[in-house]
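Undergrad: I would like the atomic coordinates for the input below:
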Amino acid sequence: MTRLCAEDFGRPCQGAIYRDIFYLDRVDLNDEYLIVQRVLFPYVCILTQECDLAFDYDARWGEESPAHYGKALLSVLAAPLYTADQLASGSHLDRLKIPSRDAQFTCEKFTDKKGKLGRRWSWLKQNDNPRYHYMAFSRESGLPAVVMDFKHYFTLSVELLATEWADRRLGQLEDLERADLSQRFASFLARVGLPPSPAAED
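TA: The predicted structure follows:
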C-alpha cells in the first residue's frame, strides 16, 4: 500500500500528486492565430528533487527574494499517472491519439492469449518491471491504483503549481515512497542504450 503524507508544505513538493493537469501537446502558429492543443491528465506526480523545489520557492516567494534567483527553476518535471485499469486495457494513451492497444505499438503485453492479465502484470504490480511504477492507495485517499510509465514525462510551470493549481494538489508521497520512486525513475533514465546488433553475414 502506497502511503500519502498528511503534511502540506504549501508549495510544490517532490512526490506531490495533482489532479486535472494540462499538458501542452502542440503549439502551432496558423496565419494570425495561435493554435494550442492541450491534453488533460487526471493525475500527475511531481518528480523534481525536493531540495530544488524548496530553494525555488524561497527564491520566488521567500524572505530573501528576489536576491537569490540563481536557485530558481525554469520548470518542474512531472509524469502522468495512468489508472491501472487503463494501462492493463491499453487505453491509457487514447488522449494522445496513440493506438497503444495495437500490437505493433505495444511494448508490454499484459494479457495472455485468453485476454486475462498474466505474469507480466503481476511483475508490474510488484514493481519488478523497471519501466513502470505501480502505486495502490488506501480507500480513504480517494485515489485509484495508478501506474507511472517512466518513458512519459513533461515539464510544468512552477508558478502555476504554486498558485493557480495549488488547490488541485491531492497529497504527497511519504518519504520512503518518494525515495523509492525517485531512485527507480533515475535508474531507468540512466540505462545505457545499446546499438542494434549488426546483421549476420551470409
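
Undergrad: what's the average pLDDT for stretch 83-103?
TA: Average pLDDT, stretch 83-103: 71.

Undergrad: do stretch 5-13 as well
TA: Here the average pLDDT along stretch 5-13 is 87.

Undergrad: Stretch 144-154 now?
TA: 95.

Undergrad: List the buried residues of it.
TA: Neighbour-count burial for stretch 144-154 flags 144-150, 152-154 (criterion: 16 or more other C-beta atoms under 10 Å). Any C-beta I mention is one placed from the backbone N, CA and C, and that applies to glycine too.

Undergrad: With stretch 88-96 instead?
TA: Buried, per 16+ other C-beta under 10 Å, within stretch 88-96: 88, 90, 92-93, 95.

Undergrad: returning to what we had before: farthest pair within the buried residues of stretch 144-154?
TA: Ala145 and Phe154 (22.2 Å; C-beta to C-beta).

Undergrad: May I see the buried residues of stretch 144-154 organised as a markdown table, with secondary structure and distance to Arg19 added?
TA: Formatted as a markdown table, the buried residues of stretch 144-154 follow (DSSP: H, G, I helix; E, B strand; the rest coil; distance: C-beta to C-beta, whole Å):
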| residue | secondary structure | distance to Arg19 |
| --- | --- | --- |
| Pro144 | coil | 12 |
| Ala145 | coil | 16 |
| Val146 | strand | 11 |
| Val147 | strand | 16 |
| Met148 | strand | 15 |
| Asp149 | strand | 18 |
| Phe150 | coil | 21 |
| His152 | coil | 17 |
| Tyr153 | coil | 18 |
| Phe154 | strand | 16 |
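
Undergrad: picking up where we left off before, if you look at the buried residues of stretch 88-96, which of them are in strands?
TA: Of the buried residues of stretch 88-96, none are assigned to strands by DSSP state E.

Undergrad: Which of these sits closest to Tyr134?
TA: Ala88 (10.8 Å).

Undergrad: any idea how far Leu156 is from that closest one?
TA: 27 Å (C-beta to C-beta, to the nearest Å).

Undergrad: cool, and Glu140?
TA: Between Glu140 and Leu156 the computed distance is 27 Å (C-beta to C-beta).

Undergrad: quick one: which of the two has more around it?
TA: Of the pair Glu140 and Leu156, Leu156 is the one with more neighbours under other C-beta atoms under 10 Å, namely 21 against 7.
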